[in-house]
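Pasted the sequence and its predicted model underneath.
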Amino acid sequence: MNDPIKRRGLMLILSSPSGAGKTTLTRDLLQDKSLDLTLSISVTTRSRRTSEVDGIHYYFKTKDEFDRLKVQDDLLEYAEVHGNYYGTPRSPVEAVLNQGRDMLFDIDYQGTQQVQKRAPHDVVTIFILPPSMKELRARLERRAEDEAEVIAKRLHNARNEITRWPIYDYVIVNEDIQTALSQVKAILIAERLKRARSAQAINAFVGQLLEE
Ligand code: 5GP
């Protein structure tokens, strides 16, 4: 990462209905160390799934603890999703962005709208769609970690979530995970090079070039 042009960090938001493959995409993006992405770990009042680890997948909180974070203005955004509360801790985001590094978010459309309002120039948003509702259902059932009732609720909510695509900068249909992954990477790489993200630094760099 020896780019001579330093830029502000950006916030890359991935949203999708449950089961559209966002978790796999997120994992693969984080595994690619050359991308140097940091995941924002949310707080939630949802109960922990057996495969989840506190502090890695989420910070699991009681409703009281969550409300305290809200009142203290410790959350960059928060929302109620599928009957539970989710929020993004503010300070880790600020620390990463201040280093000129990028943060990855797996949040819903309500949180996306809040972040877009607060930091319109520093946010890049991508919406992931499933190839079909049939495939979405199959993916939710394959995960088999949620009760039938929870799956039914998520499928129902998916129909509402899918209609939110117009607020996003980019829309990807996740038919094949490798294709979707390279599409997300292409977006990230291009967004990092946008002039507006580093206009001052480019100006200084060009000044130096012209002195040679
Ligand atoms: P799950 O319970 O399956 O982990 O997540 C349910 C939904 O909550 C997903 O659509 C996910 O994007 C969203 N979500 C997770 N963390 C946050 C958060 O911090 N803020 C918001 N607004 N949504 C979140």
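That came through fine.

Any residues of the protein in contact with the ligand? List them.
Neighbours of the ligand within the chain, by C-beta under 6 Å from any ligand atom: 15, 18, 42, 46, 77, 79, 81-82, 86-88, 106-108, 110-111. Quick note: C-beta positions are derived from backbone N, CA and C, even for glycine.

Narrow those to just the buried residues.
Buried members of the residues of the chain next to the ligand, scored by 16 or more other C-beta atoms under 10 Å, are 15, 18, 42, 46, 77, 79, 81, 86-88, 106-108, 110-111.

coming back round to it: pick the one among the residues of the chain next to the ligand closest to Ala119.
Ala119 lies nearest to Glu77 out of the residues of the chain next to the ligand, by C-beta to C-beta, at 10.3 Å.

I figured the closest one was touching Tyr86, is that so?
No. Applying C-beta atoms under 8 Å, one finds Glu77 not in contact with Tyr86, separated by 9.1 Å.

which residues do those two both contact?
107, 111 (C-beta atoms under 8 Å, 6 or more residues apart in numbering).

ok so, going back, where helices are concerned, which of the residues of the chain next to the ligand count?
110-111 (DSSP state H).

Mind picking the lowest-pLDDT entry from the residues of the chain next to the ligand?
Of all the residues of the chain next to the ligand, Ser18 has the smallest pLDDT value, namely 81.

Let me know how buried the nearest residue to that residue once chain neighbours are set aside is, in neighbour terms.
In space, not counting the residues next to it along the chain, Ser18 is nearest to Arg154; the distance is 4.5 Å by C-beta to C-beta, 6 or more residues apart in numbering. When counting by other C-beta atoms under 10 Å, one arrives at 20 neighbours for Arg154.

Likewise for Asp3?
Around Asp3 there are 12 residues (other C-beta under 10 Å).

For it, give me the pLDDT.
pLDDT at Asp3 comes out at 80.
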